[in-house]
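S.K.: the sequence and its predicted three-dimensional model are supplied below.
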Amino acid sequence: MAFVFDEKKFREESEMFYQTYPVDVSALEEELNERYRQNQSASALVQKKWTYEVISNKCEVKVFRYCPFYSEVVTGRERNSVAGAFPPIPGLGCWTLKSHYPVKEFDDWRAPYVANDLILAEMMVDHSHHYANVESVMKYGFQHIRDYAASQKINTQEEREFLEAVQAACDAAILLGERFSAEAEKMLQAENDLAVREQLERIRDTAKRVPRYPAETFYEALCSVWFTRELCTSMEGSGFAVMGHYDRLLYPFYENDIKEGRISQEEAQSLIDCMILITDARWSHTAETSGTNASLVIGGCDADGNVIFNEVTRLILNSFIKYETSSPKLEARISSSHPKEYKKMIAEIAALGRNALTILNDEVLIEAHHKIGKKREDCRLYLAGGCQEPVLSNECNNRAFMYLNLPQLLNGMLFPEELDFWTREQIILCRPDQEKTFEGFYESVIYNLSQFLFACAGQYNRFEKIWAEINPMPLFSATMDSCIEKKKDISRGGARYNSTSFSLIGIGTFIDSLYAVRKAVYEDGKLSMEQMRELLRTDFEGQEPLRLYLMNKIPKYGQDDPEVEAFAGKVFHDLAVHSSGMPNARGGYFEASLFAFFFYDMLKERTWATADGRHAGQRISRGCNPGESTENIDAATLMQSLRAIDFTDYPGCAVSYLEMPISKTNTETEVFVKILDAFVHCGGNALDFNVVDKEMLLQAKTDPDNHRNLIVRVCGYSAPFVSLREELQDEVIQRTMRNE
């Protein structure tokens, strides 16, 4: 009997189980604490080994009657923990992290910057946006990986401890597979439903073999991929937001199963449907929880550059069209070589207004990673997830842990006495307001920015060096051949590529402010520099005509003014140059990045007025978009604004956010196909849609019970509109009004 997905029973069973989370595992935590008290000289690698042993031997494993996949280990995790683990969340996976995290040291450094909305920095390293190389497990199995680790020549105690921890991680994965098999066998003793029995038998027979050994069928490949990703999230005290490049990985198994008659297209669709809905069923959306960050990648190409669009792509897209879900997010890689059918299916999802879709331009992102020294065949296999952060399959990245408010940093240069971001970092400030020419002003701004970024890199490198001492990840490392070859944990630079990014926030506001200074002060002489400073210091009090002049009479980025667009291209390039190339603590480098999550909204309350006419406390621009007050920004003008910018400077991602205030009932798919083509043609990097109807959003505010499935994109994540706090709901509504 083939598996037939029953969404209703699946969701009911999931809800009944996950509402019991988090489960109390304090007795097991105390067991680990006691072990540490008796051996306080044990390294973090040894402590992680203890954690794997306790989890694999003593934690309950849950097999679901209406889900054919096995992965749920009851480690004490919270329900909403599919792709994030900081601050350290409940559960055994975070035991080492909770025990040793140097919170005060990090908090003391960031506190004055956070207090002035200069930075938003919640993590000292990125604990949420990793990718376990599930392809390695699917191809080799944990037994082979364990044997490979055991065969390595050992030269130091640290190498010994790392390789032993990798072997312990593999042993834990193998044992848990056997325990899932045993649990399915136990459930069979009392199960009378024939369809459920067949699935339990399949779990029983499969789990003791996969992921211990390589996957051989489409079902086994799905099990291997899902088990690996979920096990890392449960056991590593970190988040694995990137689920995988599913259509590339799964298609050979699907093709072979169809050929051999082992599976039908209908059953494959059911398996994909269930896989995609697991994350959404686990998550409980509230105003405090944001989104899951879990992301699934499709399209793109293989290592040789061959375009990926196959029957598995269609199955995945069918699922996203069929179900009203906000997670996982769909990260669709596209290029000018992709067929029209693929673009039409993506466009259909965009037009439906599900708003859980990101578009990634292969022609930009592959080149962006290649030109900073990564092998092209590796670059072609990039993934993305969390928000939109790209990561190669053999890369460990820290891409979403510090967001820098560019407009506020500029204010710190103009008002260093009130906003002193410089002294504690021992930066000798160049005073741009004392320059006689705009060229001198601009050069001083870029110099100060580069010095501050360099100082922040030094601070974060200091914190990152602590990572290996508080939460190494031997299970994650086991999925990377290079970690075993180097005999180094992922936290010490064991991956082939090791990247870091600071996300720059408010570039549109920053560009407009610089250009306003250029025109009003240096070129037109409308204001002196001191008059400009006084306007910003007083938030334009009593000077509304001057504020309106700055806002409405001086051209803005995104308005198709050739001079402004050329200037914007220069600013984008210079920011990329000065936020890239700094070495990090894992032997890699910092890479330029422009994405906002929703921090463009959070980093506003204490951001001073800016020279573009923006009042203090108003929102700053999102991603690489124009300013929030810039008028007449539609799809065409947004695409046009991208042409002057070389987005291959931004391997860490540069996101454009496009609102389409069109009712779902009259949106034409062809409009979105044209937008996709224009985005690729104009050289965009990443694109998020938010297709919403203002009247529907207003109705949802007053009648949330009848609008539970209305999904909106809040920059980095997608969520039901009714789950957002009121301030974010109003911000989404204002975006639609702005484009009317």
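M.R.: Received it, and whenever you're ready, just let me know what you need. Predicted model only: the values in this text are computed from it and were never measured.

S.K.: show me this structure divided up by domain.
M.R.: Per automatic domain parsing, the structural domains of the chain span 102-124+389-652, 283-386+657-740.

S.K.: straight-line length of the longest one, end to end?
M.R.: Chord length of domain 102-124+389-652, first to last residue, is 27 Å (Cα to Cα, to the nearest Å).

S.K.: that one - what's its average pLDDT?
M.R.: For domain 102-124+389-652, mean pLDDT rounds to 94.

S.K.: number the residues from 28 up from this point.
M.R.: Sure, I'll start numbering at 28, so the last one becomes domain 129-151+416-679.

S.K.: Met609 contacts Leu480, doesn't it?
M.R.: Yes: assessed by Cβ atoms under 8 Å, Met609 is found in contact with Leu480 at 7.3 Å. The C-beta positions use only the backbone N, C-alpha and C, and glycine is treated the same way.

S.K.: ok, and the closest non-adjacent residue to Ser683?
M.R.: The shortest distance from Ser683 to any residue other than its chain neighbours is 5.0 Å, reached at Leu714 (Cβ to Cβ, 6 or more residues apart in numbering).

S.K.: can you confirm Leu344 is in a strand?
M.R.: No: counting by DSSP: H, G, I helix; E, B strand; the rest coil, Leu344 is not part of a strand but helix.

S.K.: ranges for the helices of the stretch 378-527 of the chain?
M.R.: Here the stretch 378-527 of the chain has its helices, by DSSP state H, counting those that start in this stretch, at 389-397, 403-406, 433-441, 465-497, 501-505, 508-513.

S.K.: before we move on, what about the stretch 78-227 of the chain?
M.R.: 122-127, 130-142, 161-167, 169-177, 184-215, 221-234.

S.K.: make JSON lines from the ones you listed and add mean neighbour count and distance to Lys367 to it.
M.R.: Below are these laid out as JSON lines (neighbours: other Cβ atoms under 10 Å; distance: least, Cβ to Cβ, whole Å):
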{"stretch": "helix 122-127", "mean neighbour count": "20", "distance to Lys367": "48"}
{"stretch": "helix 130-142", "mean neighbour count": "14", "distance to Lys367": "48"}
{"stretch": "helix 161-167", "mean neighbour count": "21", "distance to Lys367": "29"}
{"stretch": "helix 169-177", "mean neighbour count": "19", "distance to Lys367": "41"}
{"stretch": "helix 184-215", "mean neighbour count": "20", "distance to Lys367": "42"}
{"stretch": "helix 221-234", "mean neighbour count": "18", "distance to Lys367": "38"}
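
S.K.: can you put those in JSON lines and add distance to Phe468?
M.R.: Shown next, in JSON lines, are those (distance: least, Cβ to Cβ, whole Å):
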{"stretch": "helix 122-127", "distance to Phe468": "45"}
{"stretch": "helix 130-142", "distance to Phe468": "24"}
{"stretch": "helix 161-167", "distance to Phe468": "50"}
{"stretch": "helix 169-177", "distance to Phe468": "56"}
{"stretch": "helix 184-215", "distance to Phe468": "50"}
{"stretch": "helix 221-234", "distance to Phe468": "65"}
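
S.K.: Asn425: neighbour count?
M.R.: Other residues lying near Asn425 total 27 when counted by other Cβ atoms under 10 Å.

S.K.: any idea how far Glu470 is from the residue lying closest to it once chain neighbours are set aside?
M.R.: Nearest residue to Asn425, sequence neighbours excluded (Cβ to Cβ, 6+ apart): Asp153, at 4.0 Å. Applying Cβ to Cβ, to the nearest Å, the value for Asp153 to Glu470 is 32 Å.

S.K.: which of those two has more neighbours?
M.R.: Under the criterion of other Cβ under 10 Å, the comparison of Asp153 against Glu470 puts Asp153 first, with 25 against 15.

S.K.: what residues are up against the residue nearest the centre of the chain?
M.R.: For the chain, Gly413 is the residue whose C-alpha lies nearest the centre (Cα atoms, centre = their mean; 1.9 Å). The neighbourhood of Gly413, defined by Cβ atoms under 8 Å, 6 or more residues apart in numbering, consists of 110, 155-156, 266, 268-269, 320, 322, 426-427, 743.

S.K.: which residue in those has the weakest pLDDT?
M.R.: In terms of pLDDT, the least confident member of the contacts of Gly413 is Gly743, at 54.

S.K.: is Ala595 in contact with Ala671, as I believe?
M.R.: Yes: using Cβ under 8 Å, Ala595 is in contact with Ala671, at 6.1 Å.

S.K.: how close does the residue located most distally from the centre of the chain sit to Asp460?
M.R.: What lies farthest from the middle of the chain is Gly552; by Cα atoms, centre = their mean that is 44.5 Å. Distance from Gly552 to Asp460, counting by Cβ to Cβ: 16 Å.
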